[in-house]
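Asks: Sequence and predicted model, in that order:
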Amino acid sequence: MEEQPSENSPPPAGSKPCYRCGTELPADAELCSRCGRTQFRTCYCGKEIPVDAPTCPHCGADWSGSRRVHKSRRRRSGKVRPQEVVKSAAIGAGAAIGIAGLLTILLRYFATIATGGAKLPPDVFAQLGLARQGLGIVAAGWSEWFVAYRLSFLFIGAVLVIGGVIGVSTYLANKGLIKLGSASRSSGHRHSGRRRRSTSK
Ligand SMILES: [Zn+2]
Ligand SMILES: [Zn+2]
């Protein structure tokens, strides 16, 4: 084991929120100026670490079971930021306007097919009826087309499915969720690593 350069507390960098009440404190503050809670604990390795750190940055000790780590996680996740809410609402409203616009365009498109390019009636329900007729006309055209090119569609579909399966398995294998011959690969890796270490000596 190599000796790490000894330092008793993490380097102060800017500010950090109190793990309990969220007050912004200097990064090296021992106590919270508002609620008075201790911001550091002494790890098994003797170093001072933030009480909300799930692992010790010095020795890697697991503190994730600590009550104060849980408390800080709950506080952070439960916090509602007004800016985030406004942003989400704006995105939602924008998406709704976009979808409504798209639906209107589609509605008018299919209604125009049904009327054969004539002017649409102002009544929305009449337009809806026309749009349904137009959709039927278009669908009938599509099914004719589909029957004519059925073999090509089956071929393209098969290619897409195979490609998709390959893509998904590659992704999952990379994520380590499924293992493709990992046992032999990892043992081979360990073996070659040991050999390399002995030859470099
Ligand atoms: Zn506090
Ligand atoms: Zn430690």
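Replies: Yep, that arrived. Ligands and ions are numbered 1, 2, ... in the order given.
Asks: Could you list the buried residues of the longest helix seen in the chain?
Replies: Longest helix of the chain, by residue count under DSSP state H: helix 82-115. Within helix 82-115, the residues that count as buried by 16 or more other C-beta atoms under 10 Å are 107, 110-114. Every C-beta, even on glycine, is put in place using the N, C-alpha and C of the backbone.
Asks: who does that helix touch, helix- and strand-wise?
Replies: If you count contacts as 3 or more C-beta pairs under 8 Å, 6 or more residues apart in numbering; DSSP states H and E, helix 82-115 packs onto helix 124-148.
Asks: Excluding residues flanking it in the chain, which one is nearest the residue of the chain most remote from its centre?
Replies: Going by C-alpha atoms, centre = their mean, the residue of the chain most distant from its centre is Ala118, 47.8 Å out. Counting by C-beta to C-beta, 6 or more residues apart in numbering, the nearest residue to Ala118 once its immediate chain neighbours are dropped is Thr112, at 8.0 Å.
Asks: residues contacting that neighbour?
Replies: By C-beta atoms under 8 Å, 6 or more residues apart in numbering, the contact set of Thr112 is 118, 120, 134.
Asks: still on that earlier bit, pLDDT for the buried residues of helix 82-115 - can I get that in CSV?
Replies: Below are the buried residues of helix 82-115 laid out as CSV (pLDDT from 0 to 100):
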residue, pLDDT
Leu107, 86
Phe110, 86
Ala111, 86
Thr112, 86
Ile113, 84
Ala114, 82
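Asks: Residue numbers of the chain in contact with ligand 1?
Replies: By C-beta under 5 Å from the ion, the part of the chain that sits against ligand 1 consists of 18, 20-21, 23, 32, 34-35.
Asks: just for this protein, where's the confidence low?
Replies: For the chain, applying pLDDT under 70 flags the ranges 1-13, 71-79, 177-201.
Asks: For Ala95, see how far away the residue nearest the centre of the chain is.
Replies: Compute the mean C-alpha point of the chain, and by C-alpha atoms, centre = their mean the closest residue is Lys175, 14.1 Å away. As judged by C-beta to C-beta, to the nearest Å, Lys175 and Ala95 stand 30 Å apart.
Asks: Over to Leu107?
Replies: From Leu107 to Ala95 the distance is 18 Å (C-beta to C-beta).
Asks: What of Tyr171?
Replies: Distance from Tyr171 to Ala95, by C-beta to C-beta: 27 Å.
Asks: Kindly report the same for Thr38.
Replies: From Thr38 across to Ala95, the span is 46 Å (C-beta to C-beta).
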